[in-house]
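Engineer: predicted coordinates and the sequence they were generated for:
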Amino acid sequence: MGTALITGASAGLGLEFAWQLAAARHDLVLVARNEERLNQIAENIRTVAGVEVEVLPADLAVPDDVERVADRLAATGAHEGPAPVGLLVNNAGFATPGDFTRGRASSELRGIDVMIRALVRLSHAAVHQMVPRGRGAILNVASVAALTAGGTYAAAKAYVRSFTEGLAVDLKGTGVTATVLCPGFTHTEFHERAGIPETAIPDWAWLDAPPVVKQALADVRRGVVISTPSVRYKVASALLRAAPRWAVRAVGKVR
Ligand SMILES: NC(=O)C1=CN([C@@H]2O[C@H](COP(=O)(O)OP(=O)(O)OC[C@H]3O[C@@H](n4cnc5c(N)ncnc54)[C@H](OP(=O)(O)O)[C@@H]3O)[C@@H](O)[C@H]2O)C=CC1
Ligand SMILES: CC(=O)[C@H](N)C(=O)O
């Protein structure tokens, strides 16, 4: 199978993508800031799955780091260079402050740097390598929050959802696909990292990473543009899309 590059691969959904793609015989390029964790994960996956795993430490809020990852995505395998990436999973992300009137500008802008700027730059690098080869896939991770009115995090996810739909249109007929993943609340390190108690979210609202990732990859294989794992979040998304915006604003943030 081809090579998959996963951002945010040191924890949560990204780590789950790494394991499931390795089990499907993909070689991997793992991107995140925590190099020690990435090296340990890479060693475990090489041992268990027997695939090639490259570690590419990068802070996607740092433009020079983003360019190093973009350079890896641009590789075509020519002249015995690195193997071309056949699947890009733009997954890295985190909660920005819950209240714009209180958050620091730097924290809000860092979220945009990672979840929008880096995602667009890496998507561009991948597309310009995949389209000439006539095959490949891009999976951008947004959220069900994209349909809500919940601050810069929800706005960033709304951008990712809309951007990826437009990318899917641009890619029609090229052999390359674009899918946006819109999960609901999922048990990862996300909330702990953000200082949000998981108890703040009702039990029924939680998903687990393995089935979310399994559904996402199945949808990528089928060329589905918007992937919303679980019936409950398909229903929630339909309700959010149908509801008048004043009602969505009244609901406010999803947590
Ligand atoms: N969990 C949930 O409820 C939901 C999550 N999502 C989205 O899923 C994606 C994955 O999040 P999830 O797995 O839950 O969260 P986790 O906190 O478990 O993992 C986040 C990953 O992103 C990486 N990351 C964070 N900041 C940076 C950065 N500046 N540069 C590079 N990598 C970075 C982290 O690695 P490191 O610290 O090593 O850099 C880590 O590997 C995110 O885009 C999130 O918005 C969407 C809907 C619901
Ligand atoms: C649903 C999300 O995207 C996120 N985990 C959140 O808590 O808002």
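Structural biologist: Alright, I've got the coordinates. Ligands and ions are numbered 1, 2, ... in the order given.

Engineer: got the residues of the chain near ligand 1?
Structural biologist: 7-14, 32-34, 37, 59-61, 91-94, 114, 141, 143, 183, 185-186, 188-190, 193 (Cβ under 6 Å from any ligand atom). C-beta here means a position set from N, CA and C on the backbone, and glycine is covered the same way.

Engineer: from these, which land in strands?
Structural biologist: Judged by DSSP state E, the residues of the chain next to ligand 1 include 7, 32, 141, 186 as members of strands.

Engineer: can you pull out the helices in this protein?
Structural biologist: 12-23, 35-49, 63-74, 105-112, 119-133, 151-171, 190-194, 209-221, 231-242, 245-251 (DSSP state H).

Engineer: adding mean neighbour count and mean pLDDT, write these out as TSV.
Structural biologist: Formatted as TSV, the helices of the chain follow (neighbours: other Cβ atoms under 10 Å; pLDDT from 0 to 100):
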stretch	mean neighbour count	mean pLDDT
helix 12-23	23	98
helix 35-49	16	98
helix 63-74	17	98
helix 105-112	15	95
helix 119-133	19	98
helix 151-171	19	97
helix 190-194	15	96
helix 209-221	19	98
helix 231-242	14	97
helix 245-251	11	91
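
Engineer: and the residue of this protein nearest ligand 2?
Structural biologist: residue 143 (3.2 Å; Cβ to the nearest ligand atom).

Engineer: how close does the nearest residue to that residue once chain neighbours are set aside sit to residue 119?
Structural biologist: Residue nearest to residue 143 in three dimensions, not counting chain neighbours: residue 157, with 4.3 Å by Cβ to Cβ, 6 or more residues apart in numbering. Distance of residue 157 to residue 119, given as Cβ to Cβ, to the nearest Å: 11 Å.

Engineer: and if you look at residue 140?
Structural biologist: The value you get for residue 140 to residue 119, if Cβ to Cβ is used, is 6 Å.

Engineer: anything in contact with each of these two?
Structural biologist: Applying Cβ atoms under 8 Å, 6 or more residues apart in numbering, one finds that residue 140 and residue 119 are jointly contacted by 90, 160, 163.

Engineer: could I get the CA-only coordinates of stretch 233-251 as CSV?
Structural biologist: What follows is stretch 233-251, C-alpha atoms only, in CSV (Å, rounded to 0.1, in the frame of the first residue of the first chain):
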residue,chain,number,x,y,z
TYR,A,233,-24.0,13.0,15.0
LYS,A,234,-25.4,12.5,11.5
VAL,A,235,-28.8,13.4,13.1
ALA,A,236,-27.3,16.3,15.2
SER,A,237,-25.6,17.7,12.0
ALA,A,238,-28.9,17.5,10.1
LEU,A,239,-30.7,19.3,12.9
LEU,A,240,-28.0,22.0,13.1
ARG,A,241,-28.1,22.5,9.3
ALA,A,242,-31.9,22.8,9.3
ALA,A,243,-32.3,24.9,12.4
PRO,A,244,-32.7,28.7,12.1
ARG,A,245,-29.3,30.4,12.9
TRP,A,246,-30.8,32.3,15.9
ALA,A,247,-31.6,28.9,17.4
VAL,A,248,-28.0,27.6,16.7
ARG,A,249,-26.6,30.8,18.3
ALA,A,250,-28.9,30.3,21.3
VAL,A,251,-27.3,26.8,21.8
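
Engineer: if anything else comes up later, I'll come back, but that's it for now.
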